[in-house]
Structures are given as structure tokens and as C-alpha cells.
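In: need a structure here:
(one chain, ligands or ions: 1)
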Amino acid sequence: MKKKLISGALLTLFLVSCNSVPKAKKEVNVSKYMNTITSDELSTHLHIVASDEMEGRDTGTEGQKKAGKYLIEQYKKNGLSFPAEAGDWYQKIPSEFMAKGFSPKLNDSENIWAFIKGSEKPEEILVISAHYDHVGTKNGEVYNGADDDGSGTVALLEIAQAFEKAKEDGFGPKRSILFLHVTGEEHGLHGSRFYSENPLFPLKNTIADINIDMIGRRDTLHPNTNNYIYVIGSDRLSSELHTINEEANKKYTNLTLDYKYNDRNDPERIYYRSDHYNFAKKGVPAIFFFNGVHADYHKASDTPDKIEYDALAKRAQLAFTLAWELANRDERIVVDKDGK
Ligand SMILES: [Zn+2]
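Out: Purely as a prediction, here's the structure:
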């Protein structure tokens, strides 16, 4: 085909008209913010959140409340606040709500939230969740729950800090992000169930839930590497969610994405066992990051010294880059699957 010749006059006109339209969007250096999520900071936070002082963070106990206060302090330090619609940091959950089935009588408890308002589509909400409760103390031993789910809890702090730093540089997310620390998970996913039945923002405007529960260890099926993560649920409601996560990983983190527990016939039924499920069952696309179980799972020996902080950082970085894309892409992800 013949090359088109552009006359000088036309070229000038072209350049002038280009100048009069808004400048092309600046390419944001996502890696710069991703790299603010560091193993050192995760370690500092986790050695506090999963310390003996927090007494295993059982739902409704003083130890859990103390851990919650630490989280709030960190958000304040990083310049974040609670959602204005909420009026404070807590979503209170009455004891009666958690009086279900196998659950023992629990004290009133609270979900904790922090919020970054979207710059272009503030009414569309991305939730990033992790449970901050664990199982408390037994026979005088503290169950620190460093991996379960201290790891997800401190990942949220670091992800929020990364988004806030980007915002300070003028790159705040287009959509709003709700950082949701849910309570009562160990006693039956109570906090996330409460949120899904009493959402602060309409679930129809909630574009996705990224749930993080145990990302600081390796399991017995991966004895020689920690460079992997189980991804569960991503393809159940939205093919785009699944694809976007794969693309984010390929571009930024290069973890092996293991879909073993996403198998519909897997006997462990992990898909139903953490907080994302309360979003998924209401039709909100959900993705769950999980490292699998290990010898210290639900034992007093799940301590912060056993966490592999390099793996924790990398997995938190994947969650961040996925969140970045979900919050900033032009169109919200489409629900095109039936959830099964
Ligand atoms: Zn857990």
C-alpha cells in the first residue's frame, strides 16, 4: 500500500489540534508504589499484631480490640481515614448476630474499616478484606495466628499505604477502596456475613472483593519454594477478574498461581471457608489468596518468627497490583458467570 504523504500545512494543523485536546494520560509507575510494600514493614507490623500481648485476638476480647487499635493507629499515621458514611472506624456487630450453630457465646465485636475515596467513580467500591480475629488462648497458651490471619491483616495495612502514597502523588484510585478487617471469621465468618447483610455501600456497586487469609507461609505441597499462591474463586463470577489477576501477576510478581483449591470437586471446599464467600454468594466477584495449610495451622506455634516475609511481601504485592487494575480500569469488571 502506498504511503500517505502529509503536506506541511496539514501537519501543522494536526499538531495544533493535538495541542488543543487534553494531554494523554501520564503512564503511572505502578511498580514504584508496589515496592513500598516491603518485607521489613510487614514484619514490624506482624510482630505486633501477632504478639502475645494481643492474646490470640479471639472475637470480642480485649486482645483483639488492642490489635484493632494498632491497625487504626497505622491508618491514621498513613493519612487514611474511615469512610465518612460510617462516622467512625468500627462496624459494630452484636453478640446475638454471632450466636449461630457451633459458635460459642461471643462478646460484641467489630469490623474495622479504612477508606480511600475514588476520584472518578467514587460510588463504585472495591473491597479488600482480611480477618483480624484468631482463636485466642487455650490452656494458658497464646495462639498468635501470625499466618492466620495476621499475614492478611498486615498486608492490608501495606496495600492501603501504597494506594495512599500514589494518591499523594496525584494518582489516587478512580474507584473507591474499602479496606475491611473483619471479625469473627474463626467462629463462622461472622464479620463478613454481617457486612454482606449490612453493607455500608450497596453491594450492586461493589465491584469485587479481594480476600487475603494466610499468605505468609508455604504448605507441605510446596516444600521447595514459597514463590506460589493458591488462587480461589476468581473465575466463578467474572472471567475478567480471573484474567486480570493472571495479567497482573505476569507483569509484576511472577508467582506460580496454583488453582488446586479452585477445583469444584476439591474435598477441602476452601472456596466456602473464608470471608470472600459472603461476597460471592451475594453476586460480588471475589478472589481469595491463600498459602495452604502447614504443621502450625491453628496451633500455638503459628508465630511471627516462622513467617516467610519475602513471600508475604510478594503475595501482598500481587493483591495490590490486582486491586490497582480493578480500581483504575475504564470499565468495571463484568459479572458473566453464575458463581458455580
Ligand atoms: Zn483464617
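In: Go ahead and confirm residue 201 touches residue 84.
Out: No. Residue 201 is beyond contact range of residue 84, at 11.5 Å (criterion: Cβ atoms under 8 Å). For glycine as for every other residue, the C-beta is placed from the backbone atoms N, C-alpha and C.
In: Settle it for me: which of those two has more neighbours?
Out: When neighbours are counted by other Cβ atoms under 10 Å, residue 201 comes out ahead of the other of residue 201 and residue 84, with 18 against 8.
In: Counting neighbours, which bits of stretch 126-142 end up buried?
Out: Residues 126-137, 142 are the ones in stretch 126-142 that count as buried (16 or more other Cβ atoms under 10 Å).
In: and the end-to-end length of it?
Out: Stretch 126-142 has an end-to-end distance of 34 Å (Cα to Cα, to the nearest Å).
In: swap in stretch 180-198?
Out: End-to-end for stretch 180-198, by Cα to Cα: 13 Å.
In: coming back round to it: between the buried residues of stretch 126-142, which sits nearest residue 61?
Out: Checking these against residue 61 by Cβ to Cβ gives residue 136 as the nearest, at 6.2 Å.
In: how about the nearest residue to that closest one, chain neighbours excluded?
Out: Leaving aside its chain neighbours, residue 136 sits nearest to residue 58 (2.8 Å; criterion: Cβ to Cβ, 6 or more residues apart in numbering).
In: Which residues are in contact with the one you found?
Out: 64, 133-137, 186 (Cβ atoms under 8 Å, 6 or more residues apart in numbering).
In: List the residues that contact the most centrally placed residue in the chain.
Out: Among the residues of the chain, the one closest to the centroid is residue 128, at 3.4 Å (Cα atoms, centre = their mean). Residue 128 makes contact with 156, 159, 177-180, 209-212, 319, 323, according to Cβ under 8 Å, 6+ apart.
In: what's the closest of these to residue 46?
Out: Closest to residue 46 out of these is residue 156 (11.9 Å), distances taken as Cβ to Cβ.
In: Now do the SS call for the closest one.
Out: helix (DSSP: H, G, I helix; E, B strand; the rest coil).
In: Start the count at 883 instead of 1 going forward.
Out: Taking 883 as the first residue, the last one we looked at is residue 1038.
In: Show me what from the stretch 933-1082 of the chain comes close to the ion.
Out: Residues of the stretch 933-1082 of the chain lying close to the ion by Cβ under 5 Å from the ion are 1030-1031.
In: Swap in 8 Å and give it another go.
Out: 1013, 1016, 1027, 1030-1031, 1034, 1067-1068 (Cβ under 8 Å from the ion).
In: For those residues, please prepare TSV with the additional fields pLDDT, secondary structure and distance to residue 1146.
Out: Converted to TSV, these look like this (pLDDT from 0 to 100; DSSP: H, G, I helix; E, B strand; the rest coil; distance: Cβ to Cβ, whole Å):
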residue	pLDDT	secondary structure	distance to residue 1146
1013	98	strand	24
1016	98	strand	29
1027	98	coil	29
1030	98	helix	24
1031	98	helix	24
1034	98	helix	24
1067	96	coil	23
1068	95	coil	25
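In: ok, which pair from the residues you listed is furthest apart?
Out: Counting by Cβ to Cβ, the most remote pair of those is 1034 and 1068, 12.9 Å apart.
In: where along the protein do the strands fall?
Out: Secondary structure of the chain (DSSP state E): strands at 972-975, 991-998, 1003-1013, 1019-1020, 1023-1024, 1057-1064, 1088-1094, 1110-1114, 1138-1140, 1168-1172.
In: so what's the closest residue to the ion within the stretch 1083-1222 of the chain up against?
Out: Relative to the ion, the nearest point of the stretch 1083-1222 of the chain is residue 1095 (4.2 Å; Cβ to the ion). Residue 1095 makes contacts with 1012-1013, 1030-1031, 1034, 1067, 1156-1157, 1170-1172, as judged by Cβ under 8 Å, 6+ apart.
In: Most neighbours among the residues you listed, please name it.
Out: residue 1031 leads the contacts of residue 1095 on contacts (other Cβ under 10 Å) with 33 neighbours.
In: Now do the same contact list for that residue.
Out: Taking Cβ under 8 Å, 6+ apart, we find residue 1031 in contact with 1012-1014, 1016, 1067, 1094-1096.
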